[in-house]
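1. requesting a structural model of the entry that follows:
(one chain, ligands or ions: 2)
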Amino acid sequence: YQIKTVEELKNARGTLLSKEFYRSTGHNVTLDENEKIVNKIMMDLKYEEIRQGYLHPDNWVTSNPLSEVLDAINKSKLFGMIQSMPKGGILHAHDAALGSTKTFIKLTYAPHTWICFVDEDSVLFAFAKDYPKDKCSGKWKLMETLRKAGNFSDESLIGKFSIQTKTFENTKEVWKHFIKTFVNTDNLMEYKPNFEEYVRSFLKECLDDGVQYMEIRSGVPELFDIDGNMNTKEETIMLIQEILKEFKSKNPDFIDMKIIYGKNRRKSATKTLDYLNETLTLSKKFPELIIGFDLVNQEDEGYSLLEHAPLLLNQPLNYFFHAGETNWFGTTVDENLIDAVLLGTKRIGHGYALTKHPEIKEMVKLNDICVEISPISNKMLHYVKDLRNHPVASFIADDVPIVISSDDPSFFNTAPLSHDFYMTFVGIASAHSDLRFLKQLAINSIKYSGMSEDEKTIAHRVWSKKWNNWIMKTIEQHHKIPQRD
Ligand SMILES: O=c1[nH]cnc2c1ncn2[C@@H]1O[C@H](CO)[C@@H](O)[C@H]1O
Ligand SMILES: [Zn+2]
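-> Ligands and ions are numbered 1, 2, ... in the order given. This is a model prediction of the structure:
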């Protein structure tokens, strides 16, 4: 057909825009009258932030290094609203990178903590009543002594416990440093009294950030005590169960936490088979807690799913594979996406490369496989520079099932979930995407979780209640502040 008048053009574009909206994430959600009020408040703030960004692109939140915009974000009213919003659950985060830097620093105050400064980037921790054994050629220092002498500042640990203080050239380089952060904090966390405090702290930090449910990737560490006695993975799990039970009874709005057993993808077939067997044993023993298996660590450098396929096929396990966290289109790494789907993965971790595989993208939609998007992680690990170019924009436009998650918030100096939500809402999704979109994200985090159908029903109820409270509180607070007419 041929358009001849401006009116015809406007009609046609209106139809197309509306069609596009009805293809995008959030189109199924209807807002009630109260939600519409909150939506208006939010959208006014969102448009103003985008307008300011358009006028002053040098300051725009998606384009600058995160560390340069975090302060401004933390002061944003819209960010505050998103932080208090009940966002459902985090479906993709690694236990070792979930507690805040502050929490990690607090752990170094435990009595009998020793530190070894290995080099500029690396530290080791040990716990002993007397001088610790080996590993530091006689250079162990007691934290308490260092602090008393006044020549130690907690700030000096920030660079060891996160990647926020340095800049890197490329993905390979940042990963090298990123992995060191895990090594630096490993021992600190696996000391049993610290582990307990760590888990309690991150649960609280998550709930405070509007997160009511979590599924964490974890290798389930074997913990040690002050005398160097090691416990078993079973004992660690029982400890986690105990902490969870207590936390849930104190916080009835917290739903639950589950574990996806995640192990290093760089290990040989023999080792990987051990991991699979461990998952089988643990998930049989603790079916409510251990819900599946994943391979973690830098995808570009590890074994591909195809290489480990002989082991991965025909296992009575649920998979939640990291796949497509790469920019190398057409390599076996990139093609992990194909194998993940063919191996029956329940969800895809990152799926960053999915736009390049339309056949797989169709299978993902058809089979309702959820893609776990961690925008800030992708930026911090140098897969994308400006988050406006993040591929999830096209998934949102086409309603590919997604959840927003945070991957390693501790090491990026971000909140458990709010910064990722904020970036997605203001910087990646369409300027038109509104509260319907955000509400759908929260709903998705329950819908695509590893909970049973019964658990999901309860979870939805607990989240809904908090959501409705938030709506009412937001309206109330807004009316307390005098408005211009
Ligand atoms: O984005 C990611 N992709 C793959 N692996 C990751 C990512 N973030 C953290 N880990 C890996 O998870 C392990 C701890 O559970 C760490 O070894 C870390 O390298
Ligand atoms: Zn991850």
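2. going forward, measure contacts between C-alpha atoms and count neighbours the same way
-> Fine.
3. which parts of the stretch 151-300 of the chain sit against ligand 1?
-> Ile179, Arg217, Ser218, Val296, Asn297, Gln298 (CA under 6 Å from any ligand atom).
4. please pick the buried ones from the residues you listed.
-> Neighbour counting with 16 or more other CA atoms under 10 Å marks Arg217, Ser218, Val296, Gln298 as buried within those.
5. now the last one. Nearest residue, chain neighbours left out?
-> Looking back up the chat, that one is Gln298. Of all residues not flanking Gln298 in the chain, Trp175 sits nearest, at 7.2 Å (CA to CA, 6 or more residues apart in numbering).
6. for that neighbour, the count of nearby residues, please.
-> Per other CA atoms under 10 Å, the neighbour tally for Trp175 reads 18.
7. and Ser405, what does it touch?
-> With contact taken as CA atoms under 8 Å, 6 or more residues apart in numbering, Ser405 is in contact with Ile90, Leu91, His92, Ala93, Glu372, Ile373, Ser374, Pro375, Leu417, Asp420, Phe421.
8. phi, psi of the closest residue to it other than its chain neighbours?
-> Spatial nearest neighbour of Ser405, excluding adjacent residues (CA to CA, 6+ apart): Ser374 at 4.9 Å. Note on Ser374: its backbone torsions stand at phi -120, psi 80 [degrees, to the nearest 10].
9. and Ser374, how far is that from Met423?
-> As judged by CA to CA, to the nearest Å, Ser374 and Met423 stand 10 Å apart.
10. more neighbours: which of the two?
-> A count of neighbours by other CA under 10 Å puts Ser374 above the other of Ser374 and Met423, at 26 against 19.
11. the more buried one reaches Ser406, doesn't it?
-> Yes. With contact defined as CA atoms under 8 Å, Ser374 counts as touching Ser406 (5.1 Å).
12. list residues touching both of the two?
-> Contacts common to Ser374 and Ser406, judged by CA under 8 Å, 6+ apart, are His92, Asp420.
13. show me where the stretch 351-485 of the chain has helices.
-> 358-366, 375-380, 392-397, 409-412, 418-422, 435-447, 453-480 (DSSP state H, counting those that start in this stretch).
14. now the third one: how far from the chain's centre is it?
-> Right, the one you point to is helix 392-397. Relative to the centre of its chain, helix 392-397 is centred 18 Å away, using CA atoms, centre = their mean, to the nearest Å.
15. show me the strands in the stretch 51-200 of the chain, by range?
-> 89-94, 113-117, 123-127, 141-142 (DSSP state E, counting those that start in this stretch).
16. for these, which one ends up most surrounded?
-> Using mean count of other CA atoms under 10 Å, the stretch among those with the largest mean neighbour count is strand 89-94, at a mean of 27.
17. okay, angle between that one and helix 453-480 too, please.
-> Strand 89-94 and helix 453-480 meet at an angle of 100 degrees, taking axes from the mean of the first three to the mean of the last three CA atoms, to 10 degrees as the criterion.
18. hmm, who's touching strand 89-94?
-> So strand 89-94 is contacted by 211-218, 349, 372, 374, 403-409, 417, 442, 445-446, 449 (CA under 8 Å, 6+ apart).
19. hey, C-alpha coordinates of that strand in PDB?
-> Extracted in PDB, the C-alpha atoms of strand 89-94 (Å, rounded to 0.1, in the frame of the first residue of the first chain):
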ATOM      1  CA  GLY A  89      13.900 -13.200  43.200                       C
ATOM      2  CA  ILE A  90      17.500 -13.300  42.100                       C
ATOM      3  CA  LEU A  91      17.900 -16.400  39.800                       C
ATOM      4  CA  HIS A  92      21.500 -15.900  38.900                       C
ATOM      5  CA  ALA A  93      24.100 -15.000  41.400                       C
ATOM      6  CA  HIS A  94      27.200 -16.700  42.800                       C
END
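20. centre of the chain to that strand, how far?
-> Chain-centre distance of strand 89-94: 5 Å, with CA atoms, centre = their mean.
21. for it, give the mean pLDDT please.
-> For strand 89-94, mean pLDDT is 98.
22. so, in contact with ligand 1 or not, that strand?
-> Yes. Contact between strand 89-94 and ligand 1, assessed by CA under 6 Å from any ligand atom, occurs at His94.
23. same deal with stretch 327-340?
-> No. Stretch 327-340 does not reach ligand 1 (CA under 6 Å from any ligand atom); its nearest approach is 12.2 Å.
24. deepest-packed of the helices of the stretch 351-485 of the chain, please.
-> helix 409-412 (a mean of 26).
25. elements contacting that helix?
-> Secondary-structure packing of helix 409-412 (3 or more CA pairs under 8 Å, 6 or more residues apart in numbering; DSSP states H and E): helix 375-380.
26. and the helix it packs on, what does it pack onto?
-> Judged by 3+ CA pairs under 8 Å, 6+ apart, the packing partners of helix 375-380 are helix 409-412, helix 418-422.
27. tabulate those in CSV, adding columns for distance to ligand 1 and mean pLDDT.
-> Shown next, in CSV, are the helices and strands packed on helix 375-380 (distance: least, CA to the nearest ligand atom, whole Å; pLDDT from 0 to 100):
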stretch, distance to ligand 1, mean pLDDT
helix 409-412, 10, 96
helix 418-422, 14, 98
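28. closest one to Phe254 among the ones you listed?
-> Checking the helices and strands packed on helix 375-380 against Phe254 by CA to CA gives helix 418-422 as the closest, at 16.8 Å.
29. only C-alpha atoms, please: export that closest one in CSV.
-> Output of helix 418-422 as CSV, limited to C-alpha atoms (Å, rounded to 0.1, in the frame of the first residue of the first chain):
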residue,chain,number,x,y,z
SER,A,418,18.5,-2.9,42.4
HIS,A,419,21.3,-1.5,40.2
ASP,A,420,20.7,-4.1,37.5
PHE,A,421,16.9,-3.4,37.6
TYR,A,422,17.6,0.3,37.4
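30. fine, thanks again, bye for now.
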